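Asks: Please work out how this folds:
(chains A and B)
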Amino acid sequence: MIPPGILSQIFVGLSRTTILFIVASGLSLILGVLRIPNVAHGSLYMIGAFTAFTVTKIFGEGQAAFWMALIIAPLFVALISLIAERGMFQFLYEREHLMLLLLTFAFSLVFGDLVKLVWGGEYKSVPVPAIFQGFVPLFGGLPFPIYNIFLLVAGPVVAVLLWLLTNKTKIGKIARAAAVDREMVGAVGINVSWVFAIVFVIGCLLAGLGGVLVAPTVSVTLGMDHNLIIEAFLIVIMGGLGNIWGAMLGALIFGITQSLGILVWPQFGIVFPYLAVVVVLLFRPTGLLKSTW
Amino acid sequence: MRKNTLLFLIAGIILLLLFPVFLPRFYVYLLSIILLYGLLATSLNIVLGYGGIFQFHHAVFYGVGAYGTALMLTKTAMPAILAFIVGPLVASALGFILGIICIRLSKLYFGMLQISLGSLVWAIVYRWYSFTGGDDGIHGIPIPEMLSSYIGAYYYTLIITAVCIFLIFKIINSPFGSALQGIRDNPVRSEMIGINVKRHQILALTIAGFFAGVAGSLFVVVDNTVFPDMLFWTLSLEILIMCLLGGWFSFMGPMLGAGVIVALRTFVSTYTVYWALVLGVLMIFVIFFLPNGILGYFEERFKKVFMGSEIKE
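Replies: Numbering: from 1, shown residues only, chains lettered A, B, ... in the order given. Prediction:
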C-alpha cells in the first residue's frame, strides 16, 4: 500500500492542479475555437487573484467576502477580455497566428505593468474563507486542509459545466462548428464574430476564476503569471488542443508527476512533468485525446 | 544600385569601426549589445522569416550558448578560444534535439511545445545551483586579456557579428536557403519535388541554434555575466518583436529591430520602471500599422514609387 503521507501529499498536489486545470481549460477553449495561443491568459489569472484580494479587503473578514470575490473577480476579468477582444483581437483573425500570439504577448506586458501600477509590487495574501478553514483527518489520520477538498470538488464541477456548455447548448455547438469551418458557419447566417467574442470571454473568465481560487493558497504577487502560463501550455498540449477532457487528463498527469517528482528528487521535481510531456508526445504527437483541429 | 549598396556598406563598416574613438564608454557598450542582439534576431529569422517555423523560444539557444561559454571559462582550464566554440556548438546540439522532438508537429503546436521544452531547460538552469549558479547566475567570468576592455569586447563583437551575418546571408542565398523558403511557401509541393522537408527544417533549426549560441558567447565577452533570465520565454518573445518590428521578410530587418528595441529600452528605462508597458503599447501599434516591419514598409513604399515612375514612362 501507498503510505498515507505520500497519499496526502499527492492529493494536496492534485488540488493545486485543479486550479491549473481550470486555467488550462480556458486556454484550451480559446485555442480550440479561435486558435490563439493566449499568452495573456496568465496575466488575466494574476488580475483575477489581485482583484480577489481587493474584493475580500472591501468586504472584510465576513463570510460573504470570498463568495463575492468568486463572483466579481472573474466577471471583472471577463470585462477586460471583452474590451480587448472587441477593441483589438477581432481585427486580426484573418491574419497570421503569429501576429495574434504577439498581440497577446503585448497584452501580457501591458497587463503586468498595469497590475504593478495599481496594486504595487508587494506580496498580498487572501484569507481562506471561514467555512473552509481548518483540517480534517484523512489518509490514516493525517490532517488534510478543507480548502483543498473544496478545490478538488471545484475542478470537476467546472469541467462538467464547460462540457455541458460546449456540447449541450446552441452557442457551444456553433462555437465547435466555427472551430472547424469558420466561413461555413458565417455562410449560414450566424454572426461568427460575436461567437468568437463569447468564447474568448468565457475562456478568460476561467483564467480569472483560477486566479481567485488560487489566491488563498499562495501569496499573490507579480510574476505569478509567468510560470503558470507555461504549465497551462504543457497541459493543453498533452491533452490535445481544444479538448476539455484532454485538459483534465493533462492536468492530472501534470499534478501526479510533479508531486511524485518532488518526493523522489526535491531539487528537480519540476522537471518530471516536462519529461511526461515529451514521453506523451513521442507516442501521440497531437496529444492524448482528440484535438479539435 | 549595386554600387550604392556597396558604398553604403563600406561607409557603415568604417563608421562602426570608428565609433569607439569618439563615443563614450556607455555608448560603445550599448552598441555591442545591439550588435549581439541583432545577430540573435537574425539567427531567429533564419527559421522564422525564411523557414516559416514558429520558433517561439529562441532565447534558450542564446542562453545555453552563453552558459556553455561561461562554464567552460570558469570551470575548466581549457584555452578560451575553445570556450567560444563549445558554447555555440552546445546550443546547436540543443537546437538539433529540440528540433527532432518538435518538428513532427504542425505550426502552432510546434511553437507551443518548443516554448514548453525551452522552459524545461530554463528550469534546470534555474535549479541546478551547484553547476549553473541557480538564480544568481555566474558573475565575473574570466575573459582573455585582449577582450576584457570594453573596446576590445566591442571590436570582437563587431567582427564576429559581421562574419556571422555574412555567413547567414550566404546560407540564405544558397540552394539550401532556397529550399527552405520553398518549404515555407508550400511544404506539400516541396515534398513532391523531392525535398526532404523535415531534414531541411531540422538543419535550419540547428544552424539557427548555433548562431544564437554565438550571440550568447558574445554576451559573455561584453558583460562578463550570465543569468537564468537569458533563457526565460519573455526574452524569446522580445526577440520575436525585434524581427517583427524590423521586418522579417527583409534580411537586415531583425538587426534594425534589435537596434531600435535595445536603444529604446535603455533610454526609456532611465525615465520609468514601466518599460514593459511602453514595449507592449509599441508592439500593438506595430502589429496593427506596420505588419511588415519598418524595413518592409520602406521597401514597399520604394517599390511603389519605382513602379509608379516606370508606368509613367
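Asks: contacting residues around the residue nearest the centre of chain B?
Replies: For chain B, the residue nearest the mean C-alpha position is B:L40 (1.3 Å; C-alpha atoms, centre = their mean). For B:L40, the contacting residues are B:58, B:62, B:211-212, B:215-216, B:239, B:258, by C-beta atoms under 8 Å, 6 or more residues apart in numbering or on different chains. Glycine gets a C-beta too; all of them are placed from N, C-alpha and C.
Asks: Chain A versus the closest residue to it other than its chain neighbours, what's the distance?
Replies: Using C-beta to C-beta, 6 or more residues apart in numbering or on different chains and skipping the chain neighbours, the partner closest in space to B:L40 is B:A215 (4.0 Å). From B:A215 across to chain A, the span is 21 Å (C-beta to the nearest C-beta, to the nearest Å).
Asks: Distance of B:A215 relative to B:I202?
Replies: In this view, B:A215 and B:I202 are 21 Å apart by C-beta to C-beta, to the nearest Å.
Asks: Counting neighbours, which bits of stretch B:84-98 end up buried?
Replies: In terms of neighbour count (16 or more other C-beta atoms under 10 Å in any protein chain shown), stretch B:84-98 has its buried residues at B:84-88, B:90-96, B:98.
Asks: thinking again about what came up before, neighbour count winner among B:A215 and B:I202?
Replies: B:A215 (32 against 20; other C-beta atoms under 10 Å in any protein chain shown).
Asks: Quickly find the element holding the more buried one.
Replies: Taking DSSP states H and E as the criterion, the element that holds B:A215 is helix B:197-223.
Asks: Can you tell me which helices and strands that helix packs against?
Replies: Judged by 3 or more C-beta pairs under 8 Å, 6 or more residues apart in numbering or on different chains; DSSP states H and E, helix B:197-223 is in contact with helix B:25-48, helix B:59-75, helix B:80-102, helix B:150-172, helix B:175-185, helix B:187-192.
Asks: and that helix, what's its mean pLDDT?
Replies: Averaging pLDDT along helix B:197-223 gives 92.
Asks: Following element in sequence after that helix, please.
Replies: Helix B:197-223 is succeeded, C-terminally, by helix B:233-246 (DSSP H and E).
Asks: Phi, psi for A:V220 please.
Replies: For A:V220, the backbone dihedrals are phi -80, psi 120 (criterion: degrees, to the nearest 10).
Asks: for B:T157, what are its contacts?
Replies: B:32, B:35-36, B:218, B:221-222.
Asks: sorry, back to before: just name the most buried of the helices and strands packed on helix B:197-223.
Replies: Counting by mean count of other C-beta atoms under 10 Å in any protein chain shown, helix B:59-75 has the highest mean neighbour count of these, with a mean of 27.
Asks: Report the backbone C-alpha coordinates of it in PDB.
Replies: Taking C-alpha atoms only, helix B:59-75 is exported to PDB below (Å, rounded to 0.1, in the frame of the first residue of the first chain):
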ATOM      1  CA  ALA B  59      16.300  32.600 -26.200                       C
ATOM      2  CA  VAL B  60      17.100  29.100 -25.000                       C
ATOM      3  CA  PHE B  61      19.800  28.700 -27.500                       C
ATOM      4  CA  TYR B  62      21.200  32.100 -26.700                       C
ATOM      5  CA  GLY B  63      21.300  31.300 -23.000                       C
ATOM      6  CA  VAL B  64      22.700  27.900 -23.500                       C
ATOM      7  CA  GLY B  65      25.400  29.300 -25.700                       C
ATOM      8  CA  ALA B  66      26.200  31.900 -23.100                       C
ATOM      9  CA  TYR B  67      26.200  29.300 -20.200                       C
ATOM     10  CA  GLY B  68      28.300  26.900 -22.200                       C
ATOM     11  CA  THR B  69      30.900  29.500 -22.800                       C
ATOM     12  CA  ALA B  70      30.800  30.800 -19.200                       C
ATOM     13  CA  LEU B  71      31.100  27.400 -17.700                       C
ATOM     14  CA  MET B  72      34.000  26.500 -19.900                       C
ATOM     15  CA  LEU B  73      35.700  29.700 -18.900                       C
ATOM     16  CA  THR B  74      35.100  29.400 -15.200                       C
ATOM     17  CA  LYS B  75      35.200  25.600 -14.500                       C
END
